[in-house]
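based on what follows, work out the 3D shape:
(one chain, ligands or ions: 2)
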Amino acid sequence: MRFDRLRLNGFKSFVDPTDLIIREGLTGVVGPNGCGKSNLLEALRWVMGENRAKAMRGDGMEDVIFAGTTRRAARAHAEVTLTIDNRDRLAPAGFNENDHFDIVRRITRDAGSAYKIGGGDVRARDVQMLFADASTGAHSPALVRQGQISELINAKPKNRRRILEEAAGISGLYQRRHEAELK
Ligand code: ATP
Ligand code: MG
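Ligands and ions are numbered 1, 2, ... in the order given. So this is what the prediction gives:
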């Protein structure tokens, strides 16, 4: 699976629909301080099912919705669409029929998040599992936040194991076992 395109609409500073085309060999996003570089990476993590508001640098998840400026009104919802290139057919069964498919997450004030894969309504867990099995999830070591290297060095062994499990592509299994034990 490859990421083709990230589309933001009302997400943080990206109030107008904005497309980030992810081409093979893309190595950097540059721009002045505060222009939205970190917001782009957060949108990617968010559409993959991130559920910790803190990881989005907010107090609550609704803080990802465009909050308004002196010239533009706040938005009632935010939406991020990630287009996946699945020509290698590595998406899990059920989502694996097409060369390309979209994952959409939308948050509405007071109504929380809704997810779609390939146009059909799914649960947050379905999106999280899709990426956990592909070991590219919201917690994936492929996405390195500021300060994360020192966190890794100082992490308790149990938390460090989680990171290794994600890298090994077995965190989906871990999560399923945890859910089975709760039943
Ligand atoms: P730096 O180079 O300093 O790391 P950056 O390019 O990573 O900067 P970001 O942190 O992505 O910048 O963007 C910060 C901007 O996003 C700030 O101007 C902030 O006001 C704006 N912002 C964050 N959340 C919202 C929101 N909910 N509504 C509107 N604007 C927002
Ligand atoms: Mg930044």
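
quick check: phi and psi at residue 5.
Dihedral angles of residue 5 (phi, psi; degrees, to the nearest 10) stand at phi -160, psi 140.

now the strands for the protein?
Secondary structure of the chain (DSSP state E): strands at 2-9, 18-21, 77-85, 100-108, 112-117, 120-122.

nearest to ligand 1, of those strands?
Ligand 1 lies closest, by CB to the nearest ligand atom, to one member of these: strand 77-85, at 8.0 Å. Backbone N, C-alpha and C define where each C-beta goes, glycine included.

that closest one vs ligand 1: in contact?
No. Judged by CB under 6 Å from any ligand atom, strand 77-85 stays clear of ligand 1, getting no closer than 8.0 Å.

how far away from the center of its chain is that strand?
Its chain's C-alpha centre and that of strand 77-85 lie 9 Å apart, by CA atoms, centre = their mean, to the nearest Å.

and it with strand 112-117, angle?
On the basis of axes from the mean of the first three to the mean of the last three CA atoms, to 10 degrees, strand 77-85 is oriented at 20 degrees to strand 112-117.

which parts of the protein sit against ligand 2?
The chain comes close to ligand 2 at residues 37, 38, as judged by CB under 5 Å from the ion.

where does the chain have low pLDDT?
Where the chain drops to pLDDT under 70, the residues are 134-141.

now it against ligand 2: closest residue?
Per CB to the ion, residue 38 is where the chain lies closest to ligand 2, at 3.2 Å.

so what's the residue count around that residue?
If you count neighbours by other CB atoms under 10 Å, residue 38 ends up with 16.
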